[in-house]
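**Q** Sequence unavailable; structure follows:
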């Protein structure tokens, strides 16, 4: 509502999610969504058309990942990108190294957690029952909250297992390779945001708090470094990065 009252049009993209699909399908969906807004949205908004020369993309966490990928791969590219604590340095060691004792946004691995393995990942992904909130009285109020709760547990376990690269690409064993500093295989490079950054990348705003326990602030610091090296205009906000 605030966006609309200020004269901004707002579109949110519904895209397929990990781990049911790989990052390749995610990118297909979000790039298609950007293309739809650019080429088709005004057909649905004849009374209040958008200015297609002023489209920017924004997102937080996984949405920050999506926004940065659109900035690199959409054609035409958006005019600007905003990443808010985006999951960005996913070829780096943090996302591909185990953190078995990690406490993530107050969530601990439950001592009696049960595990099951998904065959598609050849036992790489552990889906666990985890403590999702420190308040035992809290219960999801609707189906959407329940599903979000379950998905948070999956991501928690991926972080603890240190195999995000494998989950993102659906290639078992890739995380172990990335953790050693090996390059991303060419067939998967499109799903790793940093690889698509060049001098023509859109101007970017980066926001990230230093105390983030889910997405490390080093992700945004690394992104800022890549943008600087590529001579891309970017702004980092104080109090974090």
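**A** Now that the structure is in, tell me what you want to look at. The shown structure was predicted, so the numbers you read here are calculated from the model rather than taken from an experiment.
**Q** wait, what's in contact with the spatially most central residue of the chain?
**A** In the chain, the centroid-proximal residue (CA atoms, centre = their mean) is residue 62; its distance is 2.2 Å. For residue 62, the contacting residues are residue 87, by CB atoms under 8 Å, 6 or more residues apart in numbering. C-beta: built from backbone N, CA, C; applies to glycine.
**Q** ok, and the closest non-adjacent residue to residue 54?
**A** Nearest residue to residue 54, sequence neighbours excluded (CB to CB, 6 or more residues apart in numbering): residue 79, at 5.8 Å.
**Q** What distance do you get for the one you found to residue 166?
**A** 34 Å (CB to CB, to the nearest Å).
**Q** who's more crowded, the two?
**A** residue 166 (24 against 15; other CB atoms under 10 Å).
**Q** I'd like the secondary structure assignment at the more buried one, please.
**A** helix (DSSP: H, G, I helix; E, B strand; the rest coil).
**Q** buried residues in stretch 97-112?
**A** Taking 16 or more other CB atoms under 10 Å as the neighbour-count basis, stretch 97-112 is seen to contain the buried residues 97, 102, 104, 107, 109.
**Q** Which residue ranges of the protein form helices?
**A** 2-5, 23-39, 41-44, 62-73, 143-161, 164-169, 174-179, 217-229 (DSSP state H).
**Q** tell me the mean pLDDT for the longest one?
**A** If I follow you right, that is helix 143-161. On average, the pLDDT along helix 143-161 is 71.
**Q** Ok, stretch 85-102 next?
**A** Here the average pLDDT along stretch 85-102 is 93.
**Q** any idea which residue of the protein is furthest from its center?
**A** Residue farthest from the centre of the chain, counting by CA atoms, centre = their mean, is residue 47 at 33.7 Å.
**Q** show me what contacts the residue nearest to residue 78 when sequence neighbours are not counted?
**A** Spatial nearest neighbour of residue 78, chain neighbours left out: residue 57 (4.7 Å); criterion: CB to CB, 6+ apart. Applying CB under 8 Å, 6+ apart to residue 57 gives the contacts 34, 66, 67, 70, 71, 74, 78, 80, 81, 82.
**Q** Specify the beta-bridge partners of residue 57.
**A** residue 81 (DSSP bridges).
**Q** Need the per-residue pLDDT for it.
**A** In this model, residue 57 carries a pLDDT of 98.
**Q** Tell me, how many residues neighbour residue 87?
**A** 25.
**Q** Count the neighbours of the residue lying closest to it once chain neighbours are set aside for me.
**A** Take residue 87 and drop its neighbours on the chain: the residue closest to it by CB to CB, 6+ apart is residue 65, 4.6 Å away. Using other CB under 10 Å, residue 65 has 26 neighbouring residues.
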